[in-house]
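**Q** coords please:
(chains A and B)
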Amino acid sequence: MINLLQDLDDPLPLPDLGHEQRKAVIARGEYLRRRRRVRVIGVPVAAAAVAAAVVVALAIAPGTPGRDLLTPASPSPPELVLQGQDQTGEAANYVCQDALGDSAGDPDVDFFSLDRASYPLFHYRLVAGEMPSSGLVEFRIEATSADGGRSRQLVQRIVDGKVVDQYLRDPSTGARRDVPRDENPYGDPGDHGVGGATFPGGSLSGLGDRWTWGASISVNGTVVDSCEPTQRRP
Amino acid sequence: MEGDLVITFEEAFEPMRRAAYRAAYRLLGERATAEDVAAEALARAYARWSSVSGHAEPWVIRVATNLALDVGRRRSTASDRQALLIEEAPADQVERRLDLQAALRALPRRQREVVVLRFLGDLSEKATAAALAIDVGTVKSHAARGLSRLRKTVERV
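**A** Residues are numbered from 1 along each chain as shown, chains lettered A, B, ... in the order given. Modelled structure (predicted):
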């Protein structure tokens, strides 16, 4: 059965790569390695525009429901009310570096960044493994106040490769605020995906100005990769 | 290469590149694009060599396959298909490749991993089992199921 697809092979032999081309591959690898250590993701102008659109949409229709079938129907969590402005915390200055990673077959997060506090934008990319074609995948950022007493979770859930739910949650009260997934600037992450989500302004309010954060990805409830902020932007 | 934790990236470079290129070319049928895909897969392997080196060839095959499927997905428009038809591959092979891409995307994750390594990467059952940390019997069952779902495409190939 092996060589089943050999009819699709290139009939011409593949020549060895030249020295300069090989150097270019290694240079690209060095670049990716540096980015794995310190991920600082610039905020695309388009994403910023979408974020602004999200804020406008929320101002017009606050609390738009976005419940999916995996969310328990009862009892409904209380609505999370956002008050005040986000403070700087670690957003934009830190990125995560995967800590588990490389488990064969599991999605392996190449980077996972929280790009800013104001209208929090998080962003991730898988580099190895694939987005499971079935089951529940959950990306979660948890931001915690400096004294550890308060925290907020930014959550995106994916079923069969499709974003079905994203919400903001206060784990101490269970209060939750759904974020319309139609406004997701990244769309569905796909099999080898880049993904992310934009949350409303004030999502991290109340955490003070020295909050920290970490992120994780779980598949069907099992954490398969996680990361912690590693380095401040120069 | 598998299991050899001390192999250097330089030593593994050409074998990995040929494996990645073969998988990408089988899916895409274009030399330049397949070479680009192979180069990107190798760069990613370099970036995390300490964790990849023990299973480098299956790793780059899987990454190259995913990258090639991404390229294929972006070329889903009719004009893109028309452009492919005037490329180097025969027209029937273009259609077969497009069917193969679609069929692979539709497979359950584990079946696809096995099918990719066994039939796009030409790895043995034993090597596939080692790469995915599963036993050979599981490889056989996933390969059989995956192949039956691909049969319509594969039989045309």
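**Q** nearest residue to the residue in chain A that chain B sits nearest to other than its sequence neighbours?
**A** Nearest residue of chain A to chain B, counting by C-beta to the nearest C-beta: A:Gly29, 2.7 Å away. Placement of C-beta: from N, CA and C, glycine included. Closest residue to A:Gly29 apart from its sequence neighbours, by C-beta to C-beta, 6 or more residues apart in numbering or on different chains: B:Tyr46 at 2.7 Å.
**Q** in terms of helices and strands, where is A:Leu154?
**A** When secondary structure is defined using DSSP states H and E, the element that contains A:Leu154 is strand A:151-159.
**Q** that strand: partners in the sheet, and parallel or antiparallel?
**A** Strand partners for strand A:151-159, identified by DSSP bridges, are recorded as strand A:136-144 (antiparallel), strand A:162-169 (antiparallel).
**Q** so what's the residue count around the residue of chain B found nearest chain A?
**A** Nearest residue of chain B to chain A (C-beta to the nearest C-beta) works out as B:Tyr46 at 2.7 Å. For B:Tyr46, the tally of surrounding residues (other C-beta atoms under 10 Å in any protein chain shown) stands at 22.
**Q** separation between the residue of chain A closest to chain B and A:Gly18?
**A** Look at A:Gly29 and A:Gly18: by C-beta to C-beta, to the nearest Å, they are 17 Å apart.
**Q** tell me which of the two has more neighbours.
**A** Between A:Gly29 and A:Gly18, counted using other C-beta under 10 Å, the more crowded position is A:Gly29 (21 against 9).
**Q** next secondary structure after the worst-scoring helix or strand of chain B on mean pLDDT?
**A** Per-element confidence for chain B was summarised using mean pLDDT, DSSP states H and E. The lowest value among helices and strands belongs to helix B:78-85, with a mean of 53. In the C-terminal direction, the helix or strand that comes right after helix B:78-85 (DSSP H and E) is helix B:91-106.
**Q** elements contacting that next one?
**A** The elements that helix B:91-106 packs onto, with contact taken as 3 or more C-beta pairs under 8 Å, 6 or more residues apart in numbering or on different chains; DSSP states H and E, are helix B:9-28, helix B:56-74, helix B:78-85, helix B:109-115, helix B:136-156.
**Q** mind doing that once more with 6 Å?
**A** Counting contacts by 3 or more C-beta pairs under 6 Å, 6 or more residues apart in numbering or on different chains; DSSP states H and E, the secondary-structure elements packed against helix B:91-106 are helix B:78-85, helix B:136-156.
**Q** what's the angle from the last one to helix B:91-106?
**A** Angular relation of helix B:136-156 and helix B:91-106 on a 0 to 180 degree scale: 150 degrees, by axes from the mean of the first three to the mean of the last three C-alpha atoms, to 10 degrees.
**Q** put the alpha carbons of helix B:136-156 into PDB.
**A** Coordinates of each C-alpha in helix B:136-156 appear next as PDB, following Å, rounded to 0.1, in the frame of the first residue of the first chain:
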ATOM      1  CA  VAL B 136       1.100  -0.400  15.000                       C
ATOM      2  CA  GLY B 137      -2.300  -2.000  15.300                       C
ATOM      3  CA  THR B 138      -3.900   1.400  15.700                       C
ATOM      4  CA  VAL B 139      -1.900   2.700  12.700                       C
ATOM      5  CA  LYS B 140      -3.300  -0.200  10.700                       C
ATOM      6  CA  SER B 141      -6.900   0.400  11.700                       C
ATOM      7  CA  HIS B 142      -6.700   4.200  11.100                       C
ATOM      8  CA  ALA B 143      -4.900   3.700   7.800                       C
ATOM      9  CA  ALA B 144      -7.600   1.200   6.600                       C
ATOM     10  CA  ARG B 145     -10.400   3.500   7.700                       C
ATOM     11  CA  GLY B 146      -8.800   6.600   6.300                       C
ATOM     12  CA  LEU B 147      -8.000   4.800   3.100                       C
ATOM     13  CA  SER B 148     -11.500   3.600   2.600                       C
ATOM     14  CA  ARG B 149     -12.700   7.100   2.900                       C
ATOM     15  CA  LEU B 150     -10.100   8.300   0.400                       C
ATOM     16  CA  ARG B 151     -10.600   5.300  -1.800                       C
ATOM     17  CA  LYS B 152     -12.600   7.100  -4.400                       C
ATOM     18  CA  THR B 153      -9.800   9.600  -4.800                       C
ATOM     19  CA  VAL B 154      -7.000   7.200  -4.400                       C
ATOM     20  CA  GLU B 155      -8.300   4.700  -6.900                       C
ATOM     21  CA  ARG B 156      -8.300   7.400  -9.500                       C
END
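**Q** give me the contacts around it.
**A** Applying C-beta atoms under 6 Å, 6 or more residues apart in numbering or on different chains, the external contacts of helix B:136-156 come out as B:96, B:99-100, B:103, B:107, B:110-111, B:114-115, B:118, B:125, B:128-129.
**Q** for those, pick the one with the most neighbours.
**A** Neighbour counts for the contacts of helix B:136-156 peak at B:Val114, which has 29 neighbours (criterion: other C-beta under 10 Å).
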